[in-house]
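Trainee: Fold the following and give me the result.
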Amino acid sequence: MDLLILGGTGFLGRHLAAAALARGHAVTLLNRGRTAPGLFPAAEEIHGDRRDLPAHLLRGRTWDAAIDTSGMHPAMVRASAGLLADAVPHYTYVSSISVYAGLGRPGTTEDAPTMAPLDDVPAEVSEETYGALKAMGEREAEQAMPGRVLVVRPGLIVGPYDASDRFGYWVRRVARGGRVLAPGRPDRPVQFVDARDLTDWMLRMVEERRTGVFNAVGPARPLHMEWLLETCRVESRSDATFAWASDEFLLKEGVLPWKELPLWIPDMAAEQRSFLEVSAARAVAAGLTFRKILDTVRDVRVWEEERHARGPVESAALSPKREEQLLRDLARPAPIRAGKG
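Mentor: Numbers count the residues shown, from 1 in each chain. All right, here's what the predicted structure looks like:
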């Protein structure tokens, strides 16, 4: 296949481009050329800003399919999908499970309502508008190419080259050993998909010209936070022990869910408490498979060690100093209240 990838040198796009080349596809990368230009010598690169993409960059070109890994804003999707409508017969849009209007109950399927379009569309994407803008991006793609769009809705994507620290923090922290602050209930469900499993499946779907909407989440079997942390401990052979802190304690201490303690969503977050319990049945039926969690943890640990060996890395997650203070506060006995007499 002659494949156009919008993105292709960051995280997900990087794995996608590598997998496509390994499968023998001809690959063209369309991006701004700011992240790792020349990363794939075997691929053609077209440099341009998707918000104001010059038509001459694509004029007269055709591909067998396009995969949009970087359409964060509906204006981007409108511009690129509009220009490519006559250039490709198949368009894949990588969206997100954040598009759902509510994730308060486990087992959300692709038929659940998505967020309504914003009346006042911001120029930039924020945490508050991300889900709605992604949902609008899905509509833009389908409007430009009705019946020719594959919409992929991943949850948390993990693996080497993910610099977000949403998964790598736990792998790295547990490997360091000692007493580890662990959030919420040990049996709280956790979901993620390895970028390599996701991209392999996406390429097969593109090769088969599959369309429709699919939640691309994993792993294969239900996973709890305690199991994930224990897997990190076993893989790194560390001496880590886990100090479980309640939602109430962490919120009282001002710990930011998901940011300072990745993968933590408090149970009282009614509209998001089941963000990590979405149904992947449709994607699994369509061939999505998952590697062993231990393998993902190992590969992420190796990459994290290499990344941090190159120099200091900024992170929004808990600093060692902040974690130490929280662990001391957690261990402090609760004050005894005098009874009324």
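Trainee: so Phe242, which of the three states?
Mentor: In terms of secondary structure, Phe242 is strand; the call rests on DSSP: H, G, I helix; E, B strand; the rest coil.
Trainee: Bridging across strands, which residues link to the spatially closest residue to it that is not a sequence neighbour?
Mentor: Nearest residue to Phe242, sequence neighbours excluded (Cβ to Cβ, 6 or more residues apart in numbering): Ala182, at 4.3 Å. For glycine as for every other residue, the C-beta is placed from the backbone atoms N, C-alpha and C. Each beta-bridge partner of Ala182 is listed here: Trp244, as defined by DSSP bridges.
Trainee: just checking, Ala182 touches Ser246?
Mentor: No - no contact is recorded between Ala182 and Ser246 when judged using Cβ atoms under 8 Å, the distance being 10.7 Å.
Trainee: Look at the two and report which has more neighbours.
Mentor: In this view Ala182 and Ser246 are compared by other Cβ atoms under 10 Å, and Ala182 has more residues nearby, 23 against 14.
Trainee: domain assignment for the protein?
Mentor: 2-154, 168-190+220-269+292-331 (automatic domain parsing).
Trainee: Out of those domains, which gets nearest to Arg209?
Mentor: Evaluated with Cβ to Cβ, the domains of the chain place domain 2-154 nearest to Arg209, the distance being 5.5 Å.
Trainee: Kindly check the end-to-end length of the closest one for me.
Mentor: Taking Cα to Cα, to the nearest Å, domain 2-154 runs 25 Å from one end to the other.
Trainee: Stretch 52-70 now?
Mentor: End-to-end span of stretch 52-70 (Cα to Cα): 14 Å.
Trainee: outside of that stretch, which residues touch it?
Mentor: Outside stretch 52-70, the residues within contact range by Cβ atoms under 8 Å, 6 or more residues apart in numbering are 1-8, 10, 12-13, 16, 28, 30-31, 46, 48, 50, 76-77, 79-81, 83-84, 87-94, 141, 202, 206, 209.
Trainee: Quick check: PyMOL command selecting the buried ones in these.
Mentor: Entered in PyMOL, the line below selects the buried ones among the contacts of stretch 52-70, by 16 or more other Cβ atoms under 10 Å:
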select buried, resi 3+4+5+6+7+8+10+12+13+16+28+30+31+48+50+76+77+79+80+81+83+84+88+90+91+92+93+94+141+202+206
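Trainee: Take the contacts of stretch 52-70 and keep only those in strands.
Mentor: 2-6, 28, 30-31, 46, 91-94 (DSSP state E).
Trainee: just the strands in the stretch 201-341 of the chain please.
Mentor: 212-216, 223-224, 241-245 (DSSP state E, counting those that start in this stretch).
Trainee: and Pro122, how far is that from Leu84?
Mentor: With the distance defined as Cβ to Cβ, to the nearest Å, Pro122 ends up 25 Å from Leu84.
Trainee: And Ala66, by the same measure?
Mentor: Remark: distance between Ala66 and Leu84 (Cβ to Cβ) = 5 Å.
Trainee: what's the overlap in contacts for the two?
Mentor: In contact with both Ala66 and Leu84: Leu4, Tyr91, using Cβ under 8 Å, 6+ apart.
Trainee: Contacts made by the helix or strand hosting Leu198 with the rest, please.
Mentor: Assigned by DSSP states H and E, Leu198 belongs to helix 195-207. Counting by Cβ under 8 Å, 6+ apart, helix 195-207 makes contact with 1, 3, 11-12, 15-16, 19-20, 23, 25, 65, 67, 90, 92, 94, 150, 152, 154, 157-162, 214, 216, 218, 283, 286-291, all of which sit outside it.
Trainee: Could you do stretch 164-173 as well?
Mentor: Defining contact as Cβ under 8 Å, 6+ apart, one finds that stretch 164-173 is touched by 156, 158, 162, 180, 192, 228-229, 232, 236, 258, 262-263, 297, 300-301, 303-305, 308, 315-318.
Trainee: and if we set it to 6 Å?
Mentor: Surrounding stretch 164-173, the residues in contact under the criterion Cβ atoms under 6 Å, 6 or more residues apart in numbering are Leu156, Val158, Val180, Cys232, Pro262, Val297, Val300, Arg301, Glu304, Ser315, Ala317.
Trainee: What score does Glu127 have for pLDDT?
Mentor: According to the model's per-residue confidence, Glu127 sits at a pLDDT of 89.
Trainee: distance of it from Gln272?
Mentor: Glu127 is 12 Å from Gln272, where distance means Cβ to Cβ.
Trainee: For the closest residue in space to Ser98 that isn't next to it in sequence, give me its contacts.
Mentor: Counting by Cβ to Cβ, 6+ apart, the nearest residue to Ser98 once its immediate chain neighbours are dropped is Gly131, at 3.7 Å. Contact criterion Cβ under 6 Å, 6+ apart gives Ser98, Val99, Met115 as the residues in contact with Gly131.
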